[in-house]
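Enquirer: Structure for this input, please:
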Amino acid sequence: MSTSQSFNQEFKIETWTLYGVGMLAIFTRLASQTRKLGIKRLRTDDWLIITVIPWYTLLVVSINRIIIGGGSNYMTPEDIAALTPQTKADRTSGSKWVLVSEEVMVLCVWTCKICMLLIYRRLTEGLTQGKIINAVLVYVAVGFVACQIALFTTCRPFSGYWAVPAADDQCWSYYNFEIVEGTFNVSADLVVLLVAIPLLMKLRIPIQQKIILVSVFGMGVFVIAAAVLTKVYSLVPDLVSYSYLNWYFREASVSIYVTNLPAIWALFRDIFPAVKYWGYPSRTYSDGTVENRKTWLPQFGTNFSGGPDVEFRDDLEVSGRLGMTNSIEGVDGRSKDQGLALSVSEVSTSDHLAVYKDVPFIIAGKKI
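Expert: So this is what the prediction gives:
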């Protein structure tokens, strides 16, 4: 199956534009994390995202070579009848690039998947959901091995992948491999979303902050949608076309955007500090000083028996665990150190004090 010149041009513009945005996201994330943590204190997922750069670059190069170079061994009977020595050589080269694209696609998407799971593991540390995330990490590792086995055993002999015309449908359609890859890919992302989104929805933070968090991590839905559409254009006979390459690269690109978005959001919060306080009411003192609720000191009365109607919680702990911030605001809003910020927020009618971290504080002049 051949492609038109207009399709080739549009494909080139789209893929290289998405690539540019993806690389910008990666380098912005690395700059943000290095600025906050320093190179020596970068997290595992920060180092892993660097390995995505060669895979992502090879992916955009390979799919463009397939389209612009004359196609692959995916051909119609008319294409086979029209073969010449030159077009056969072009399609043989294109078929090799298809094999490269399939491998680097797995490496790119699976690396992003592991990076996200490491972020979710920090989010769920000490929670029951953390066990589920650890199980998904194992599942993803098994899925990666399964994809490698499927890719290297689906077409026999292996050289059939670049035979023109293909001797076996598996050698141009990658049918079995696509099923294995799609099954592990979509199911792992779906489980993570089903665990993480409800957890984020339960956070006791202002609705504005909650919407942002859910939106950032809810973008995994778009990764799943792109993965499904990739398989639709790869496997459904009536829809099979080179358009699957568009969705391949869209899936990889969205995966990279989503993986890097938390750190980029942290940088945005640093550039525009007011964003950190969206939804937090302010407090005005008698001298006219206005202080944001997020930096209030706990104001407890001398009679502890009644119990303060407050909850002492670390609502930046979520951001810290996700890698969204490492700029720390102290309890009094003045001190800064590597740790987690603490803030006071009211709960509806419960008379209790909930401490979410081991931290010294004073109630009625006594140190706890």
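
Enquirer: Residue 129 and residue 194 touch, don't they?
Expert: No: assessed by Cβ atoms under 8 Å, residue 129 is found out of contact with residue 194, at 10.0 Å. Every C-beta, even on glycine, is put in place using the N, C-alpha and C of the backbone.

Enquirer: quick one, which of these two is more surrounded?
Expert: residue 129 (17 against 11; other Cβ atoms under 10 Å).

Enquirer: need the contact list for that one.
Expert: 195-196, 199 (Cβ atoms under 8 Å, 6 or more residues apart in numbering).

Enquirer: Let's see the pLDDT reported for it.
Expert: Note for residue 129: predicted pLDDT of 81.

Enquirer: What distance do you get for it to residue 121?
Expert: Distance check for residue 129 against residue 121: by Cβ to Cβ, to the nearest Å, it reads 10 Å.

Enquirer: Check residue 255 too.
Expert: For residue 255 relative to residue 121 (Cβ to Cβ), the value is 18 Å.

Enquirer: of the two, who's got more company?
Expert: Between residue 255 and residue 121, counting by other Cβ under 10 Å, residue 255 is the more crowded of the two (29 against 17).

Enquirer: sorry, back to before: could you dump the contacts of residue 129 into TSV and include neighbour count?
Expert: Output for the contacts of residue 129, formatted as TSV (neighbours: other Cβ atoms under 10 Å):
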residue	neighbour count
195	19
196	25
199	16
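
Enquirer: Can you tell me which of those residues is nearest residue 245?
Expert: Compare each of the contacts of residue 129 with residue 245 using Cβ to Cβ and the shortest gap goes to residue 196, at 30.0 Å.

Enquirer: Isn't that closest one up against residue 217?
Expert: Yes: look at residue 196 against residue 217 with Cβ under 8 Å: they come within range, at 5.7 Å.

Enquirer: Hmm, residue 226 and residue 254 touching each other?
Expert: Yes: Residue 254 is within contact range of residue 226, at 5.4 Å (criterion: Cβ under 8 Å).

Enquirer: When the two are compared, which one has more neighbours?
Expert: residue 254 (23 against 20).

Enquirer: residues of the host helix or strand of the more buried one that come out buried?
Expert: Take DSSP states H and E as the rule and residue 254 turns out to sit in helix 243-271. Buried positions in helix 243-271, judged by neighbour count with 16 or more other Cβ atoms under 10 Å: 243-267, 269-270.

Enquirer: Can you name every helix or strand that that helix contacts?
Expert: Secondary-structure packing of helix 243-271 (3 or more Cβ pairs under 8 Å, 6 or more residues apart in numbering; DSSP states H and E): helix 5-37, helix 44-68, helix 85-123, helix 207-218, helix 220-235.

Enquirer: can I get the ones you listed in CSV with distance to residue 134 and mean pLDDT?
Expert: Putting the helices and strands packed on helix 243-271 into CSV (distance: least, Cβ to Cβ, whole Å; pLDDT from 0 to 100) gives the following:
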stretch, distance to residue 134, mean pLDDT
helix 5-37, 23, 91
helix 44-68, 14, 93
helix 85-123, 7, 91
helix 207-218, 18, 76
helix 220-235, 18, 86
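
Enquirer: Leaving out sequence neighbours, find the closest residue to the residue nearest in space to the middle of the chain.
Expert: Central residue of the chain (Cα atoms, centre = their mean): residue 259, 2.7 Å from the mean position. Sequence neighbours aside, residue 112 is the residue nearest to residue 259 in space, at 4.5 Å (criterion: Cβ to Cβ, 6 or more residues apart in numbering).

Enquirer: Next: residue 216.
Expert: residue 261 (5.3 Å).

Enquirer: Okay, that neighbour and residue 110: tell me how far apart.
Expert: Distance from residue 261 to residue 110, by Cβ to Cβ: 19 Å.

Enquirer: same check, this time on residue 39
Expert: Relative to residue 110, residue 39 is positioned 25 Å away (Cβ to Cβ).

Enquirer: next one: residue 185
Expert: Counting by Cβ to Cβ - residue 185 and residue 110 are separated by 8 Å.

Enquirer: Over to residue 204?
Expert: Going from residue 204 to residue 110 by Cβ to Cβ gives 34 Å.

Enquirer: Repeat that for residue 190.
Expert: From residue 190 to residue 110 the distance is 16 Å (Cβ to Cβ).

Enquirer: which of these two has more neighbours?
Expert: residue 110 (22 against 14).

Enquirer: Spatially nearest residue to the more buried one, not counting backbone neighbours?
Expert: Residue 110 sits nearest to residue 144 (Cβ to Cβ, 6+ apart), 5.1 Å away.

Enquirer: Can you give me the neighbour number for that neighbour?
Expert: Neighbours of residue 144 (other Cβ under 10 Å): 19.

Enquirer: and it, what element?
Expert: Assigned by DSSP H and E, residue 144 falls in helix 128-153.

Enquirer: relative to helix 85-123, how tilted is that helix?
Expert: In terms of direction (axes from the mean of the first three to the mean of the last three Cα atoms, to 10 degrees), helix 128-153 departs from helix 85-123 by 160 degrees.

Enquirer: Please enumerate residues in contact with the helix or strand just after helix 128-153?
Expert: Scanning forward in sequence from helix 128-153 by DSSP H and E, the next helix or strand is helix 170-173. Contact with helix 170-173 is made by 72-75, 95, 154-155, 160-161, 163, 166, 176, 234-235, 240, as judged by Cβ under 8 Å, 6+ apart.

Enquirer: ok now helix 170-173, how far from the chain's centre?
Expert: 30 Å (Cα atoms, centre = their mean, to the nearest Å).
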